[in-house]
Structure formats: C-alpha cells, structure tokens
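Student: The sequence and its predicted three-dimensional model are supplied below.
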Amino acid sequence: MAKIIDGKMISQQIKDELKEKVERLKKQGKAGALAVIQVGEDPASSVYVRNKKNACAYIGIESLAYELPGETTEEDLLRLIEELNGKEQVRGILVQLPLPGHICEDKVIQAISPEKDVDGFHPQSVGAMTIGEPGFLSCTPAGIIQLLKRSDVEIAGKHCVIIGRSNIVGKPMALLMLRENATVTITHSKTRNLPELCRQADILIVAMGKPQFVGAEYIKEGAVVIDVGIHRDENNKLCGDVKYAEVEPIASAITPVPGGVGPMTIAMLMNNCVQSIEEG
Ligand code: NAD
C-alpha cells in the first residue's frame, strides 16, 4: 500500500510556521498586505480568491480585495496594478486567472512589479528561478517540492518524469526538480510512447489537465506519484489526472485529490507573501 502524501496536513504545518513568523515580523515593525484582484464572477475563481483571503487572515496578514466587474477594460486593470505597485503597504499583488478574453494576461502579469509578484509568473521571476537567483517561485511547483521534502522523498539522482509543459506547472516544475538534482524528463501532448517513458519514473508528476487519464500502465512499481490535476467527475466529486484506485497499489507514495497538491499552492502563496514582507 502506498503512503498517502497528506497535502492538507503539510500545508497546515507551513501555514502555522508562517503565522509564527508573521508575529515575529510584526514585533520588528514589518507588516504588509496582499492585494487580490478578481475580474468578473467566475465561480471557481471566487472560491480560489476566498481561500486566499482566508489564508491571509489565518497567518495574520492583511488582504485587500479588488472585485472588478467583468467588463473592466485592460487599461483600467493596468492602471490599478500601477497604483498598487506604488503602494508601500502592498507587498504582494495577485491577479486571479483566467481573465476575461478582452484582457491580455501576459500584459497584466508583466505589469506587476517583480518585487510584488507573489504568484511567481513575471518573466523576471521565471528567469531568476531558471538561473537559481533569488525571486518568487511559482506556487504549485514550489508546493510539490515541499510535499516531497516533508514526506522524506529523496529527489537527488532520481528520475523525475513530468507530464505537462505549461508555464504555471510543467515547466517551472522541471526547473525546480533540476535544482534539486533530479534527472528530469518533460513530456507533453506530442510525446510518443508516453506510458513507456512514465514507467521509467522514480517520481512521476502529472499535470496534464485530463481527468483520470493515467492508469497502472504508466507506473513503475514503487514510484512516487504526484497528481496536480483537479476536475469534477460525473458525480460532481473532485478527482485528479490519475486513476487513483488503480495506481495507489503500485506506487510507494501518492498524493490524493482533493487534499494533495491543491492546499499546497495557497500555502506557498502565503510563503511568498511573508518573504516579500520580510524583504520589504
Ligand atoms: P494546461 O492545460 O495549461 O497544460 C496541460 C499540459 O498537459 C500541456 O502542456 C499539454 O501538452 C499536456 N498534455 C495534454 N494532454 C496530454 C496527453 N494526452 N499526453 C501528454 N501530455 C498532455 O494545464 P495546467 O495549467 O498545467 O494544469 C494542469 C492540471 O493541473 C489541470 O487539471 C489544472 O486544473 C491543475 N492545476 C492544479 C493546481 C493546484 O493547485 N492543484 C494548480 C494549477 C493547475
């Protein structure tokens, strides 16, 4: 039976550590707020935004909510970001994605000052991560590194196969695993012989956005399996990219959905906010 990697418990540990750190920083006169901007009323985005505000309240930092109507222009959004860039009290700026189609996400991401880019999506943050310079790390991949480390999974020298090459998960994940001295293979929708490649993985990280796609034929006996996917199945229950019931008996450790990678993303966002307050 595989060890269940408990993201809920580990994210709670991280938030508790951050809460203590925030108290210490306040005593040194260091505080700051996270600005959370949502454009439109996408229900999934509203849940994420609410969770982020709750996490801020838990660790003791202020959150400033900007709930803008769906018809907000790109110009107005860029103006707001500019204003927040200039506010000393604001230590982090987060624009909830996806944005409505008439707003260019890249332009918005690039408008956020890299010093306040707590999502780690700005090209400067990505570049710094690539060459190992200090900067904000992309939250989901950074959360997966924490999950592995805090579950005593050895990374150095292991073969890590990643399914997915998106800018927010697959690519930064590959760079962070490389930084931890794994041997990394990145796969994607054009990859040939995907199951065969995945069966070579000591650590398999699945971020393909395809519900319950990865089954037993992708898994080497004893592999560690990290499932990044989040979907609702036909019964409206949350599920991942991995066929959990089929894969769990073969793996040595596995993340569940929900309660695996998901809670770590917010914990790492909080970590970036605290880092920003500390450096500010
Ligand atoms: P994406 O759609 O941007 O990227 C998916 C990637 O998977 C692409 O690079 C594509 O090439 C690859 N892919 C698709 N079909 C494939 C196939 N048949 N074989 C091999 N590769 C294939 O998705 P994303 O933003 O990286 O997110 C992936 C999943 O993770 C989604 O389900 C998303 O909801 C979830 N997600 C979860 C969190 C979290 O906090 N847990 C954060 C971000 C994303």
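Tutor: Alright, I've got the coordinates.
Student: roughly how far apart are residue 86 and residue 215?
Tutor: 51 Å (Cβ to Cβ, to the nearest Å). C-beta coordinates here come from the backbone N, C-alpha and C atoms, glycine included.
Student: Phi and psi next, for the residue nearest to residue 239 when sequence neighbours are not counted.
Tutor: Nearest residue to residue 239, sequence neighbours excluded (Cβ to Cβ, 6 or more residues apart in numbering): residue 233, at 4.7 Å. The phi/psi pair for residue 233 (degrees, to the nearest 10) reads phi -80, psi -170.
Student: now the strands for the stretch 1-150 of the chain?
Tutor: For the stretch 1-150 of the chain, applying DSSP state E, counting those that start in this stretch gives strands covering 3-4, 33-39, 62-68, 90-95.
Student: With the stretch 151-280 of the chain instead?
Tutor: Counting by DSSP E, counting those that start in this stretch, the strands of the stretch 151-280 of the chain are 159-163, 183-187, 203-206, 224-227, 231-232, 238-239, 253-254.
Student: Please enumerate residues in contact with the last one?
Tutor: Outside of strand 253-254, the residues within contact range by Cβ atoms under 8 Å, 6 or more residues apart in numbering are 2-5, 151, 153, 224-227, 242, 244, 247-248, 260.
Student: quick revisit: contacting residues around the residue nearest to residue 239?
Tutor: Counting by Cβ under 8 Å, 6+ apart, residue 233 touches 211-212, 239.
Student: closest one to residue 73 among the strands of the stretch 151-280 of the chain?
Tutor: Of all the strands of the stretch 151-280 of the chain, strand 231-232 sits nearest to residue 73, with 32.3 Å by Cβ to Cβ.
Student: which parts of this structure sit against the ligand?
Tutor: Taking Cβ under 6 Å from any ligand atom, the part of the chain that reaches the ligand is made up of 140, 163-166, 168-170, 187-189, 191, 194, 207-210, 228-230, 261-262, 265.
Student: Residue 86 and residue 215: who's more crowded?
Tutor: residue 215 (14 against 9; other Cβ atoms under 10 Å).
Student: For the more buried one, give me the pLDDT.
Tutor: pLDDT for residue 215: 98.
Student: Pull the contacting residues for the residue lying closest to it once chain neighbours are set aside.
Tutor: Beyond its immediate neighbours in the sequence, the residue positioned closest to residue 215 (Cβ to Cβ, 6+ apart) is residue 243, lying 4.5 Å away. Neighbouring residues of residue 243 by Cβ under 8 Å, 6+ apart: 212-216.
Student: now those: which count as buried?
Tutor: Among the contacts of residue 243, the ones that count as buried by 16 or more other Cβ atoms under 10 Å are 212-214.
Student: Return the closest of the residues you listed with respect to residue 21.
Tutor: The closest of the buried ones among the contacts of residue 243, once distances to residue 21 are taken by Cβ to Cβ, is residue 214, at 36.8 Å.
Student: ok, now how distant is the closest residue to that closest one other than its chain neighbours from the ligand?
Tutor: Nearest residue to residue 214, sequence neighbours excluded (Cβ to Cβ, 6+ apart): residue 242, at 4.6 Å. Counting by Cβ to the nearest ligand atom, to the nearest Å, the separation of residue 242 from the ligand is 11 Å.
Student: same question, residue 27
Tutor: The value you get for residue 27 to the ligand, if Cβ to the nearest ligand atom is used, is 32 Å.
Student: do the same with residue 249
Tutor: 23 Å.
Student: before we move on, what about residue 157?
Tutor: 25 Å.
Student: thinking again about what came up before, for the residue nearest to residue 239, give me the pLDDT.
Tutor: The per-residue pLDDT reported for residue 233 equals 92.
Student: again, but for residue 134
Tutor: At residue 134, pLDDT is 95.
Student: What are the neighbouring residues in contact with it?
Tutor: residue 128.
Student: Then residue 180?
Tutor: Contacts of residue 180 (Cβ under 8 Å, 6+ apart): 145, 155-156.
Student: Out of the strands of the stretch 1-150 of the chain, which one sits most buried?
Tutor: Highest mean neighbour count among the strands of the stretch 1-150 of the chain (mean count of other Cβ atoms under 10 Å): strand 90-95, with a mean of 25.
Student: Many thanks, have a good one.
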